[in-house]
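Trainee: Need a 3D model of the sequence below.
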Amino acid sequence: MAFVLPDEAVGPLVLTLDIGTSSIRALVYDAQARLLHPDRVQGKEVVVLQTGRNGEGTFPPNRLLLAAGNVIDQALESLGSLSSKIRAVACDSFASSMLVLDGRGQPITEIFTYADNQCQAEAELLREKFNQTQDHDRTGCMTHCSYWPARLAWLSGNQGDLWKKARTICSWTDWLLSQWFGTIRTSLSLASWTGLLDRRSLGWDQVGLDRASLEPNRMAPLGDFSDALCGLSAKWARRWPSLADIPWFLPISDGAAANVGSGAHKPGRVALTIGTTAAIRTVPKRVPSTLPKGLWNYRIDKNRPLIGGATTEGGNIFAWMRQNIQEFSHLEERLSEREVGIHGLTILPFWAGERAPNWNDKAKGLISGITLDTSPLDLMQASLEAVSCRLALIFGSMGSFLGKAEIEIVAGGGFLSSPFWVSRMADALGHSIKPCRISETTSRGMALLALEALGVFSSTKPFPDPDFDSTVDPDPNRSAAFAVMMAEQQDLYKRVYGIR
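Mentor: Presented below is the predicted three-dimensional model:
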């Protein structure tokens with residue numbers, strides 16, 4: 001990735017706050033969307049997700065508030081006098097977070113994340129009680145424990161005393177900015193990831209609110225990304241004087257930002273991202289009238305709908321294999337020499353459960369076909385190919401709104417460090433892949449959106465593309481082998497779970 005040194009940066013500068021489930025980072029971009037060298041200008045703090053045997057996946061609110069403040073301190077200190085050139089702050093966050101506030105605007109729960117599945121039973125009851133086709137069509141989200149309807153049902157049914165104190169339901173970064181500005185607001189992007197936003201009217205879904213016995217005024221007020229907050233409260237203005245009176249744009253989801261940063265912000269491009277988890281997403285010309293089962297309809301902003309699907313599996317499967325099976329020397333070379341499917345295994349890679357396309361809360365990882373001849377290398381290859389099959393299945397569902405125009409698939413994430421996996425992913429999709437050279441696609445996307453809101457970019461001066469590596473083309477023979485593997489995977493899924 002190309003960087004620019006601080007003294008070579010062209011103003012205005014944008015400070016980005018990138019909030020993930022493993023770290024919070026502050027990075028700075030110039031007016032050409034070039035990243036100021038991260039060895040010279042950045043802030044970073046590691047955060048640790050709290051997990052438990054009951055399905056917990058949460059963060060302490062004040063711990064993340066402290067970490068977010070610290071990384072901004074670090075970035076401003078490393079930038080020095082150039083901090084006066086910062087003209088905007090843009091923030092992204094892991095999506096589907098939820099936080100409950102009391103009447104004083106203070107948290108009375110932990111920050112629930114998409115990884116928290118304590119509300120599996122409630123999700124199942126919602127699926128049984130209500131028409132899932134209608135709910136999906138209204139909100140663009142399937143019923144699942146990662147979304148708010150099931151979590152709200154769990155809280156009201158299992159945390160009665162706490163629920164009586166609840167006043168405001170919000171995404172965690174809504175509360176974060178409320179601590180800095182004294183007012184609360186949420187973006188259409190974050191709201192679209194809750195399962196409680198009407199995907200057509202872009203207002204809170206009244207049907208879902210009625211089921212949860214919530215009045216609209218108990219939800220954070222809706223706004224768009226560009227509806228910036230200005231004027232830090234006194235305490236924070238003293239701490240960050242260079243940021244006190246500039247616009248802080250409303251936080252959006254990390255997935256939405258990554259689409260923009262990888263160049264997939266316009267129709268005809270599809271963003272494939274494989275990091276810890278994985279997703280495949282595109283921006284259609286318009287909101288589709290009907291939505292294929294299992295896919296979601298989120299938002300980047302009011303003008304950019306986002307269609308696709310995400311999985312709980314991705315690089316986490318690779319990491320699990322490396323951690324638990326030690327016999328992996330010269331892995332890349334050995335994998336590249338092997339034929340697709342030579343392992344004879346069929347894997348459902350749901351180590352952390354399933355999201356798209358079936359959103360099955362009960363799904364668990366499964367390996368079928370092990371023999372005495374199965375090797376650790378077989379298991380690794382089969383796992384990576386299984387993840388590729390699941391993403392290809394989602395991609396196949398997206399065809400109805402990708403149209404007949406030439407499609408480009410741009411790829412980002414940690415999997416790009418494995419030429420083997422990139423090549424197999426192209427084979428599974430049956431389509432060429434353009435690997436993005438820029439590793440910081442999420443924060444770059446935030447910077448581009450902020451610069452657009454500042455007037456630097458526009459319809460007449462569109463976002464610059466990131467740099468891409470050489471295109472990776474599929475091999476027809478390997479694609480045919482993947483088609484067989486996908487059919488076997490789907491057959492196994494149907495036999496185990498009764499659906500496909």
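
Trainee: What's the first helix or strand after the least confident helix or strand in the chain by mean pLDDT?
Mentor: When each helix and strand of the chain is scored by mean pLDDT, DSSP states H and E, helix 399-402 comes last, with a mean of 78. Sequence order places strand 408-412 as the next helix or strand after helix 399-402, per DSSP states H and E.

Trainee: In that next one, which residues are buried?
Mentor: Glu408, Ile409, Val410, Ala411, Gly412 (16 or more other Cβ atoms under 10 Å). Where C-beta positions appear, they are placed from N, C-alpha and C, glycine not excepted.

Trainee: Closest to Gln42 out of these?
Mentor: Gly412 (19.1 Å; Cβ to Cβ).

Trainee: doesn't Thr273 make contact with that closest one?
Mentor: Yes: if you go by Cβ atoms under 8 Å, Gly412 and Thr273 touch, sitting 5.1 Å apart.

Trainee: what's the overlap in contacts for those two?
Mentor: Ala258, Ser262, Thr441 (Cβ atoms under 8 Å, 6 or more residues apart in numbering).

Trainee: Neighbours of the second one, how many?
Mentor: Same thing as Ser262. By other Cβ atoms under 10 Å, the residues close to Ser262 number 29.

Trainee: Can you give me the distance of the closest residue to it other than its chain neighbours to Asp467?
Mentor: Of all residues not flanking Ser262 in the chain, Thr441 sits nearest, at 4.4 Å (Cβ to Cβ, 6 or more residues apart in numbering). Thr441 sits 11 Å away from Asp467, going by Cβ to Cβ, to the nearest Å.

Trainee: burial of the residue nearest to Ser262, as a residue count?
Mentor: Neighbours around Thr441, by other Cβ under 10 Å: 25.

Trainee: Pop out the phi and psi values for Asp131.
Mentor: No Asp there; residue 131 is Asn. Backbone torsions of Asn131, given as degrees, to the nearest 10, read phi -70, psi 110.

Trainee: Ala68 - that's part of a helix, no?
Mentor: Yes: using DSSP: H, G, I helix; E, B strand; the rest coil, the assignment for Ala68 is a helix.

Trainee: State the helix or strand in which the residue nearest the centre of the chain lies.
Mentor: Nearest to the mean C-alpha position of the chain, by Cα atoms, centre = their mean, lies Gly255 at 3.5 Å. For Gly255, the element it lies in under DSSP H and E is helix 254-261.

Trainee: For Ser479, give its distance to Ala411.
Mentor: Taking Cβ to Cβ, one finds Ser479 at 17 Å from Ala411.

Trainee: likewise Glu452?
Mentor: 24 Å.

Trainee: Pipe the buried residues of strand 408-412 into JSON lines and attach distance to Gln132 and pLDDT per row.
Mentor: Formatted as JSON lines, the buried residues of strand 408-412 follow (distance: Cβ to Cβ, whole Å; pLDDT from 0 to 100):
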{"residue": "Glu408", "distance to Gln132": "33", "pLDDT": "94"}
{"residue": "Ile409", "distance to Gln132": "30", "pLDDT": "96"}
{"residue": "Val410", "distance to Gln132": "32", "pLDDT": "97"}
{"residue": "Ala411", "distance to Gln132": "32", "pLDDT": "96"}
{"residue": "Gly412", "distance to Gln132": "32", "pLDDT": "92"}
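
Trainee: Can you lay out these as JSON lines showing distance to His136?
Mentor: Formatted as JSON lines, these follow (distance: Cβ to Cβ, whole Å):
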{"residue": "Glu408", "distance to His136": "28"}
{"residue": "Ile409", "distance to His136": "25"}
{"residue": "Val410", "distance to His136": "27"}
{"residue": "Ala411", "distance to His136": "28"}
{"residue": "Gly412", "distance to His136": "28"}
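
Trainee: give me the number of residues near Asp161?
Mentor: Asp161: 7 neighbours (other Cβ under 10 Å).

Trainee: Report the buried residues of the strand or helix carrying it.
Mentor: Here Asp161, judged by DSSP H and E, is contained in helix 160-165. The neighbour-count check on helix 160-165 (16+ other Cβ under 10 Å) flags Trp163 as buried.

Trainee: Then stretch 415-434?
Mentor: Buried residues in stretch 415-434, counted by 16+ other Cβ under 10 Å: 415-416, 418, 420-431, 433-434.

Trainee: And for stretch 257-267?
Mentor: Buried, per 16+ other Cβ under 10 Å, within stretch 257-267: Ala257, Ala258, Asn259, Val260, Gly261, Ser262, Gly263, Ala264, His265, Pro267.

Trainee: Going by distance to Asn62, which of the residues you listed wins?
Mentor: Ala257 (25.0 Å).

Trainee: Give me the nearest residue to the closest one, chain neighbours excluded.
Mentor: Nearest one to Ala257, counting by Cβ to Cβ, 6+ apart, is Gly445 at 3.6 Å.

Trainee: Quick check: the gap between the one you found and Ala428.
Mentor: On the measure of Cβ to Cβ, Gly445 and Ala428 end up 26 Å apart.

Trainee: repeat for Arg239
Mentor: Taking Cβ to Cβ, one finds Arg239 at 49 Å from Ala428.

Trainee: what's the answer for Ala90, then?
Mentor: 34 Å.

Trainee: Go ahead and confirm Val46 touches Gly20.
Mentor: No: using Cβ under 8 Å, Val46 is not in contact with Gly20, being 10.2 Å away.
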